[in-house]
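S.K.: sequence and computational prediction follow.
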Amino acid sequence: MASALRCVLFDLDGTLLDTAPDMARALNGLRQERGLAPLPFARIRPVVSHGSLGLVRLGFDRGPGDPGFDELRARFLDIYAADLARDTVLFPGMVEVLQRIERQGLAWGIVTNKPGWLTEPLLAALDLRQRAACVVSGDTVAERKPHPAPLLHACRVAGVQAQDCLYLGDAERDIEAGRRAGMTTVVARYGYLAADEHPEQWGAHGLIDHPRELLDWLPT
């Protein structure tokens, strides 16, 4: 626990929200448009934290610079944006975590690489936007995680110091960004981790397997 914890910051996809069902539906919808069979959800879920770049690469074996990639990515985002909150929910136990944070007078916010034009309507649909002390999306500042700038910007908006913040994320870039910003960092192992990832090697201050375990990091 941070020495004087005042704010808990969350990554979005795979940490605060389980967005994988809606992201997977969008990807398979695009594959269906292109005459391809759907991919199993179990193959898609670990890639969701890598956003549209990772998902289009998974679904079509193409990356940035490859022919047709930009068109596929744009169409994927259009499909996703049209119905981005159908099945997305807070991870089990996260309702209790947010309520405890708020009852204790702490602030909480979101720092994600997801672009703001997707982040903002998603949070609004789930009635979370007004509760968050800060929301920093992938295009809020010039840099993205693993650069610490988005996290430091979140601190300025929330009116707290980085050393008084805890950042929870499910990707190595989250932990790197948090460490570089001088925050306490915790890995959400319940998130979208691939089988070949080793979060215990990321240098985080702790790892949790369920959102409720974050309660142990809050002041008593």
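M.R.: Now that the structure is in, tell me what you want to look at.

S.K.: endpoints of stretch 156-172, how far apart?
M.R.: From its first residue to its last, stretch 156-172 covers 23 Å (CA to CA, to the nearest Å).

S.K.: buried set for it?
M.R.: 158, 160-162, 164-172 (16 or more other CB atoms under 10 Å). Where C-beta positions appear, they are placed from N, C-alpha and C, glycine not excepted.

S.K.: and the residue lying farthest from the centre of the chain, what element?
M.R.: The C-alpha centroid of the chain is most remote from residue 35, which lies 30.3 Å away (CA atoms, centre = their mean). Assigned by DSSP states H and E, residue 35 belongs to neither a helix nor a strand.

S.K.: how far away is it from residue 60?
M.R.: Residue 35 is 12 Å from residue 60, where distance means CB to CB, to the nearest Å.

S.K.: what do you get for residue 32?
M.R.: According to CB to CB, residue 32 stands 13 Å off from residue 60.

S.K.: so those two - more neighbours on which side?
M.R.: With neighbours defined as other CB atoms under 10 Å, residue 32 and residue 60 compare such that residue 60 has more, 19 against 11.

S.K.: model confidence for that one, exactly?
M.R.: We have a pLDDT of 98 for residue 60.

S.K.: in this structure, which spans are strands?
M.R.: For the chain, the strands defined by DSSP state E cover 7-10, 17-18, 89-90, 107-111, 134-136, 165-169, 184-188, 206-208.

S.K.: separation between the residue farthest from the centre of the chain and residue 57?
M.R.: Separation of residue 35 from residue 57 (CB to CB): 19 Å.

S.K.: next: residue 71.
M.R.: Here residue 71 is placed at a distance of 14 Å from residue 57 (CB to CB).

S.K.: higher neighbour count, these two?
M.R.: More crowded of residue 71 and residue 57, by other CB under 10 Å: residue 57, with 18 against 10.
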